[in-house]
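Q: structure for this input, please:
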Amino acid sequence: MSDMGGDAIEQAWDGVVATARRTAAEGLVVGTSGNVSARVGDVVLVTPSGVPYDRLGPGDAVGVDLEGRQVLGEMVPTSELPLHLAVYRASDAMAVVHTHAVHATAVSTLVPEIPLVHYAAAMLGGPVRTAPYARYGTRELADNMLAALRERTGCLLQNHGTVTYGNTLDEAYDRTAQLEWMCRLWLTASSVPGLRPSLLTPAQLRDVQDALKGYGQPG
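A: Here you go, the predicted model:
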């Protein structure tokens with residue numbers, strides 16, 4: 001920890017807490033379910049196990065190294081720590097958000113991949129897959145998740161929830177929100193008796209992915 005700036009740790013922890021509170025406020029989790037993490041160098045700041053987010057303050061930071069050894073704080077890290085660490089070890093992620101969002105979790109019980117009902121899938125790298133079920137906190141779940149995340153920045157966890165990652169906490173959260181919205185959209189369209197929603201083709205999705213490369217403000 002001696003080579004890590006305290007200010008960077010403090011700022012990242014504030015972001016982790018704010019993002020975790022946001023998941024609760026916007027209905028993506030209930031109680032202490034779900035978890036959030038951010039990477040600062042070789043330290044992963046992560047929400048603790050079973051502690052309401054509104055009770056977390058600046059002095060409650062929980063940090064581990066990339067092998068899961070605790071290097072900061074007294075509280076026990078989330079039971080989903082293996083899931084978070086697997087993402088950091090396998091990607092360039094700087095933040096991970098895991099939720100139990102209702103519509104996304106519902107879809108995870110229905111399909112192995114979210115049908116291409118909207119081009120928002122491009123914001124997650126392509127058609128979003130569902131990782132086969134395994135108990136929370138297990139290596140099996142982490143392995144299943146990594147397979148589902150191949151060339152993607154988000155996936156569903158069967159009968160469980162969502163995982164997204166990004167370069168920032170805001171980006172990881174926004175991807176969760178897009179994923180939940182897309183699942184809600186598909187469920188809504190699929191619920192109309194006698195009709196089936198039209199779906200985009202893979203070529204149409206690739207066209208959107210190409211267009212998104214120039215999206216937003218320069219710089």
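Q: switch to C-alpha atoms for all contacts and neighbour counts from now on
A: OK.
Q: from Q70, how far out is V163?
A: In this view, V163 and Q70 are 22 Å apart by Cα to Cα, to the nearest Å.
Q: between these two, who's got more neighbours?
A: When neighbours are counted by other Cα atoms under 10 Å, V163 comes out ahead of the other of V163 and Q70, with 27 against 18.
Q: buried ones in stretch 48-56?
A: P48, S49, G50, V51, P52, Y53, L56 (16 or more other Cα atoms under 10 Å).
Q: ok, residues contacting that stretch?
A: Surrounding stretch 48-56, the residues in contact under the criterion Cα atoms under 8 Å, 6 or more residues apart in numbering are V17, A20, R21, G31, T32, S33, V62, M75, V76, P77, T78, S79.
Q: give me the element R196 is part of.
A: When secondary structure is defined using DSSP states H and E, no element contains R196, which sits outside every helix and strand.
Q: pLDDT score assigned to the nearest residue to it once chain neighbours are set aside?
A: Among residues not flanking R196 along the chain, S190 sits closest, at 6.0 Å (Cα to Cα, 6 or more residues apart in numbering). S190 carries a pLDDT score of 97 in this model.
Q: gap between S190 and P52?
A: Remark: distance between S190 and P52 (Cα to Cα) = 35 Å.
Q: likewise P202?
A: Computed with Cα to Cα, the distance linking P202 and P52 is 42 Å.
Q: report the distance from the helix ranked longest in the chain to the chain centre.
A: If you go by DSSP state H, the chain has its longest helix at helix 169-190. Relative to the mean C-alpha coordinate of its chain, helix 169-190 is positioned 11 Å out (Cα atoms, centre = their mean, to the nearest Å).
Q: ok, residues contacting that helix?
A: Counting by Cα under 8 Å, 6+ apart, helix 169-190 makes contact with 15-16, 19, 38, 94-97, 99, 101-104, 107, 114-115, 117-118, 120-121, 123-124, 153-154, 162-166, 196-197, all of which sit outside it.
Q: show me what the helix or strand just after that helix is packed against.
A: Going down the chain from helix 169-190, the next helix or strand is helix 202-212, by DSSP H and E. Where contact means 3 or more Cα pairs under 8 Å, 6 or more residues apart in numbering; DSSP states H and E, helix 202-212 is not packed against any helix or strand.
Q: most distant residue from the centre of the protein?
A: Most distant residue from the mean C-alpha position of the chain: G194, 34.1 Å away (Cα atoms, centre = their mean).
Q: roughly how far apart are it and V44?
A: Plainly put, G194 is 49 Å away from V44 if you go by Cα to Cα.
Q: ok, now E74?
A: Taken as Cα to Cα, the spacing of E74 relative to V44 amounts to 15 Å.
Q: what do you get for L169?
A: To V44, L169 is 13 Å away according to Cα to Cα.
Q: overlap in contacts of these two?
A: A38.
Q: for the residue most central in space within the chain, give its distance to A8.
A: The structure's the chain has its C-alpha centroid closest to T164; by Cα atoms, centre = their mean the separation is 2.5 Å. For T164, the distance to A8 under the criterion Cα to Cα works out to 22 Å.
Q: also G126?
A: For G126, the distance to A8 - Cα to Cα - is 33 Å.
Q: okay, the two: which has more neighbours?
A: Taking other Cα under 10 Å, G126 and A8 do not tie; G126 has more neighbours (20 against 12).
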